[in-house]
Structure formats: C-alpha cells, structure tokens
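[1] No sequence on hand, only this structure:
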C-alpha cells in the first residue's frame, strides 16, 4: 500500500512538473538553470498580485534575523531560493494564522518549532549576500511565490505545492 501511494505521488508530482515546464510562456512561472546544478523553479499564478512586502514593518533587527535565517536555511541555494525563504516568513507575517512580526514568526514554536534552525540564529554570521537578498525582497514589487505560500521543506508539507526550488518544496 505504501509503495503504491509513493508511486502515485511521484507520478502526480512529475506530471505537474512536466505540464508546467511545457508552459514556458506563462509569465508567472520562473525557470532558471545553473551550469553546475540543475534547478527547477515552478511557481503558480499569484492569487493576490497586488500584495507585496512593503506593508510589512521590518526593523534593522528583523533584517538581521532574516539574513541569519536565510544563511542557515538556504546558503546552499541560488538567490531565487534565498528570496523564497524570506517570502515565506513575510507571507506568515501577513497571514492571520501566524504571529504578526518577523521575530515572532521565526521563533514560533507551537505546535512545534516552525524553523528548525532558529535555535542557531544567534551564533550565525550571514554574508553580505544574505543582507542584500533580504533588502531585495523587502523592496520588491514582484514576489517569486504566491503570497499564500507559508511552508517550505525538503519534502511537501501539504498537497498544495506552489513552488519547487532545488530541493525545497514551497506549499500553501
């Protein structure tokens, strides 16, 4: 039974990926290739195209937290992957189901620790790249992810996958 479910899920995921890859002209889909690694970026149509992150109040401490989180969660990812991690945090700030500050979203631990790397944030030293990406996202007018995307992991957290970037699944 388990093997059957796994095969069905793999076929479903591959089918979605192949379908979306055939629609390159879709302006809401992002695809990038890196010479050393093959990466796939799949993004659905934005549900809320007028909602961007300028409405999020981010202090210098928030920028520091986001840079450290991105360093811990995505330093091995391309810029698009780092941007997506930041967008997940900001999407949570804007979502009524989550705390309404960057600090509280990152350190939220109910029902479980939301960001497994948060205990290591204080001991982390991000590079200038992470600070640049944080500032880019805070000032962008075209997010990579749909604003309903509030989860990411190396496996799908829900059946509502909104993007796949390298080995990260982004879900709503």
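    Okay, I see it. Here the structure is a predicted model, which means the values were calculated and not measured.

[2] give me the low-pLDDT residue ranges for the chain?
    1-52, 111 (pLDDT under 70).

[3] try 50 this time
    Confidence mapping of the chain against pLDDT under 50 gives the ranges 2-7, 10-39, 42-51.

[4] Can you list the residue ranges for strands in it?
    Using DSSP state E, the strands of the chain run over 151-153, 161-165, 168-171.

[5] how about those in CSV, adding mean neighbour count and distance to residue 89?
    Backbone N, C-alpha and C define where each C-beta goes, glycine included. Formatted as CSV, these follow (neighbours: other Cβ atoms under 10 Å; distance: least, Cβ to Cβ, whole Å):
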stretch, mean neighbour count, distance to residue 89
strand 151-153, 18, 10
strand 161-165, 23, 15
strand 168-171, 22, 12
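
[6] The ones you listed into CSV, with extra columns for distance to residue 124?
    Output for the strands of the chain, formatted as CSV (distance: least, Cβ to Cβ, whole Å):
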stretch, distance to residue 124
strand 151-153, 18
strand 161-165, 21
strand 168-171, 19
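
[7] which one of those strands lies closest to residue 99?
    Minimum separation from residue 99 across those (Cβ to Cβ) falls at strand 151-153, 15.2 Å.

[8] residues making contact with the closest one?
    Strand 151-153 is touched from outside by 84, 85, 88, 157, 158, 168, 169, 170, 171, 172, with contacts defined as Cβ atoms under 8 Å, 6 or more residues apart in numbering.

[9] quick one: which two of those are the most distant?
    85 and 158 (17.1 Å).

[10] okay, those two: which has more neighbours?
    Each of residue 85 and residue 158 has its neighbours counted (other Cβ atoms under 10 Å); residue 85 has more, 26 against 12.

[11] Let me see the contact set for that one.
    Listed by Cβ under 8 Å, 6+ apart, the contact set of residue 85 reads 69, 70, 73, 74, 77, 152, 168.

[12] what does residue 145 give?
    Residue 145 sits next to 43, 84, 87, 88, 91, 162, 163, 170 when contact means Cβ under 8 Å, 6+ apart.
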